[in-house]
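Novice: the following block contains a protein sequence and its predicted model.
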Amino acid sequence: MPTLALNCNNCGAPLSVPEGVRFLTCSFCQSQLEVVQEGNAAFTKVLEQLQERTEQVATDVERLKLQNQLLSLEHEWDRQSRDLMVHNKEGRPHVPTVGGAIAMLLIGGLMSAFALSIHPGMGLLFIVVIIIGATMQWTQADRYSRAKRQFELNRQRIHSEMDQLSLRE
Ligand SMILES: [Zn+2]
């Protein structure tokens with residue numbers, strides 16, 4: 001059987017490899033070798049390095065996937081937070097807060113008391129409008145902070161997965 005005269009890519013020992021054999025173990029240093037043929041030239045490559053490279057590629061793919069997840073998560077939060085924002089009288093969006101709801105109740109309460117002293121019917125209407133408005137703001141503030149918390153948890157998870165990838169290298 002024709003053989004190829006090759007050298008171990010790890011220790012340089014001469015190897016006589018039967019043609020057609022693709023993988024072998026160096027009898028001197030026990031390296032796992034792959035026979036690589038390029039045109040008329042043939043040489044050996046240490047297989048473990050190949051595996052390391054494969055792992056590196058897998059890590060890179062995983063990192064890209066996580067980066068994409070992070071991007072779409074941030075994009076989604078961007079959209080979601082805009083949906084959850086409330087608009088002031090000038091139409092400018094702002095984050096709904098419980099403090100805002102309380103302020104509405106306090107100011108509204110004073111206005112209602114004043115309105116009640118002049119016109120009881122209007123005062124009652126005021127109270128109803130203010131309670132509804134404050135409740136809506138309060139609910140929205142709650143939804144906003146829940147959504148934000150969820151977003152932060154997801155972002156944290158992706159970041160820690162990225163950290164673990166870096167540790168593997
Ligand atoms: Zn060797």
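Specialist: Structure's in. What do you need?

Novice: in contact with the residue nearest the centre of the chain, which residues?
Specialist: Geometric centre of the chain, nearest residue: Leu70, 2.9 Å, by CA atoms, centre = their mean. Going by CB atoms under 8 Å, 6 or more residues apart in numbering, Leu70 touches Arg155, Ile158, His159. The way it works is simple: take the backbone N, C-alpha and C, and place the C-beta from them, glycine included.

Novice: from the residues you listed, which land in helices?
Specialist: Arg155, Ile158, His159 (DSSP state H).

Novice: so which strand or helix has the residue nearest to the centre of the chain?
Specialist: Leu70 belongs to helix 47-84 when assigned by DSSP states H and E.

Novice: now do the phi/psi pair for Lys45.
Specialist: phi -130, psi 140 (degrees, to the nearest 10).

Novice: ok, back up a step: per-residue confidence for the residue nearest to the centre of the chain?
Specialist: Looking at Leu70, its pLDDT is 96.

Novice: and Glu52, how far from the ion?
Specialist: For Glu52, the distance to the ion (CB to the ion, to the nearest Å) stands at 18 Å.

Novice: swap in Ala101?
Specialist: 75 Å.
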